[in-house]
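> fold the following.
(one chain, ligands or ions: 1)
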Amino acid sequence: MIDLSPKMQDAINLQISYESYASNFYLALAYWCDDQALEGCKKFFMRQSEEERMHMLKLYDYMSESGVHPVTPAVPQPPVTYSGIQAAFQKVFEQERSVTLSIHNLLKLAQDENDYNTQHFLQWYVDEQREEEAVIRTILDRIKVIGEGGQSLYYIDKEVDKINIQVIAAEAAEKSK
Ligand code: OFO
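Below is the predicted model:
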C-alpha cells in the first residue's frame, strides 16, 4: 500500500482533471480537423485524446492502489474553433507546456515530501511530456517550412499523418521491450 499525504492526494486529483481536460481538448480538436477535411490531423488528435485518457486512468489506478478514492473531475469546455492549423498546433504546444509544468510541480511536491513512490511513478509522465512536446515542435517546424496558404494544407495533413504513424510505431516498439 502506498502512503499518500492529503496534499499529494489533492495534487494528483488536480492532475487527473488536467489529463481529463487534455483528452477532451484533443477530441474537440479532432472534430475541428474533421470539419476542415484534415483526415491525417484528425487521426493524430484522436490517438492523442485516447492517450490522455490513458494518462488520466493511470492516475486513477495509482490513487486507488493507495486506498484513496480518486475524484472524477468536472471538465471545462475546450476551444471549439481555430483560425488555422498553425494556430491549432500552437495552442496544442501551449497546452502541453502547461501540463509539463504541472507534472514538474507535482514531482517537486513529491520530492519535498520525501514521497519516493510518487517520484518514481511520475518519472513516466516527465518522459511522456518531453516526447509529446518534441513531436509538436517537429510539426510546427514542418508547418513553417510548408507554409499555410493554398494547397499547403494538403501537405501539412500528409506530414501529420506520417508523424502519427511514426509515433504509433515508436509506442509499439516501446511496449514490446
Ligand atoms: Fe498527458 O500527456 Fe500531454 O498532456
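> count of residues packed around residue 70?
By other CB atoms under 10 Å, 18 other residues sit near residue 70. C-betas here are computed from N, CA, C, even on glycine.
> can you check residue 35 too?
As a burial measure, residue 35 scores 9 neighbours (other CB under 10 Å).
> ok, it - contacts?
Residue 35 makes contact with no residue under the criterion CB atoms under 8 Å, 6 or more residues apart in numbering.
> that one and residue 140, how far apart?
Residue 35 sits 21 Å away from residue 140, going by CB to CB, to the nearest Å.
> how about the residues of the protein near the ligand?
Contact residues, the chain versus the ligand (CB under 6 Å from any ligand atom): 19, 22, 52, 55, 96, 99, 128, 129, 132.
> by neighbours, which of the residues you listed wins?
Comparing these by number of neighbours (other CB under 10 Å), residue 22 comes first, having 25 neighbours.
> could you say which helix or strand holds that residue?
Assigned by DSSP states H and E, residue 22 falls within helix 6-35.
> cool, residue 154 as well?
Counting by DSSP H and E, residue 154 is part of helix 152-175.
> kindly calculate the angle that the helix or strand of the chain with the lowest mean pLDDT makes with helix 6-35.
In the chain, no helix or strand scores lower on mean pLDDT, DSSP states H and E than helix 152-175, which sits at a mean of 95. Calculated by axes from the mean of the first three to the mean of the last three CA atoms, to 10 degrees, helix 152-175 forms an angle of 140 degrees with helix 6-35.
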